[in-house]
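*Asks:* generate coordinates for the sequence data below:
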Amino acid sequence: QVQLVESGGGLVQAGGSLRLSCAASERTFSSTGWFRQAPGKEREFVAVIAWSGLMTYYADSVKGRFTISRDNAKDTMYLQMNSLKPEDTAVYYCAVRPFGRGSIATTTADFGSWGQGTQVTVSS
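*Replies:* Numbering: from 1, shown residues only. Below is the predicted model:
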């Protein structure tokens, strides 16, 4: 099973930016996504990108502020987060869809491998 390692989280003021990275232990040939989980809340979908990089989909709450991308040569996925808000505070997880499934998915059950998460804290 592919291993995923997130990095890039931290503490930032509202309006600031962060760039998260997700490094895979092997080539996935699958869509990959970002989810987040705030204290006391369920894990929620943030963004997903197809293997080709040509298809992306975002949660309404981050559309226009976050950008998902990937570099398949480096087996790495990214989440550029701009105009951060306190409500973006959460642990952010990257995940990979099982090979052969469709490109776009938004539920946790659609993803098979998960990273350990990276904390993002946005102060007001």
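
*Asks:* lowest average confidence, helix or strand, in the chain?
*Replies:* Sorting the helices and strands of the chain by mean pLDDT, DSSP states H and E puts strand 113-114 at the bottom, at a mean of 94.

*Asks:* and after it, which helix or strand comes next?
*Replies:* Next along the chain after strand 113-114, taking DSSP states H and E as the criterion, comes strand 118-123.

*Asks:* what are the ranges of the helices in the chain?
*Replies:* Applying DSSP state H to the chain gives no helices.

*Asks:* which residue, other than its chain neighbours, is closest to the residue nearest the centre of the chain?
*Replies:* By C-alpha atoms, centre = their mean, the chain has its centre lying nearest to W34, at 2.1 Å. Distances taken as C-beta to C-beta, 6 or more residues apart in numbering put V46 closest to W34, at 4.2 Å, once the chain neighbours are dropped. Backbone N, C-alpha and C define where each C-beta goes, glycine included.

*Asks:* same question for T56.
*Replies:* I49 (4.9 Å).

*Asks:* in the sheet, who's paired with that neighbour?
*Replies:* T32, T56 (DSSP bridges).

*Asks:* neighbours around T28, how many?
*Replies:* 20 (other C-beta atoms under 10 Å).

*Asks:* my bad, should have said G33
*Replies:* By other C-beta under 10 Å, 28 other residues sit near G33.

*Asks:* return the residues in contact with it.
*Replies:* Applying C-beta atoms under 8 Å, 6 or more residues apart in numbering, we find G33 in contact with F45, V46, A47, V48, I49, I68, C94, A95, R97, A105, T106, F111.

*Asks:* rerun that using 7 Å as the cut-off
*Replies:* For G33, the contacting residues are F45, A47, V48, A95, F111, by C-beta atoms under 7 Å, 6 or more residues apart in numbering.

*Asks:* repeat that for Y78.
*Replies:* Contacts of Y78 (C-beta under 7 Å, 6+ apart): R19, L20, S21, S69, R70.

*Asks:* which one among the residues you listed gets closest to G53?
*Replies:* Using C-beta to C-beta, R70 comes nearest to G53 of the contacts of Y78, at 5.5 Å.
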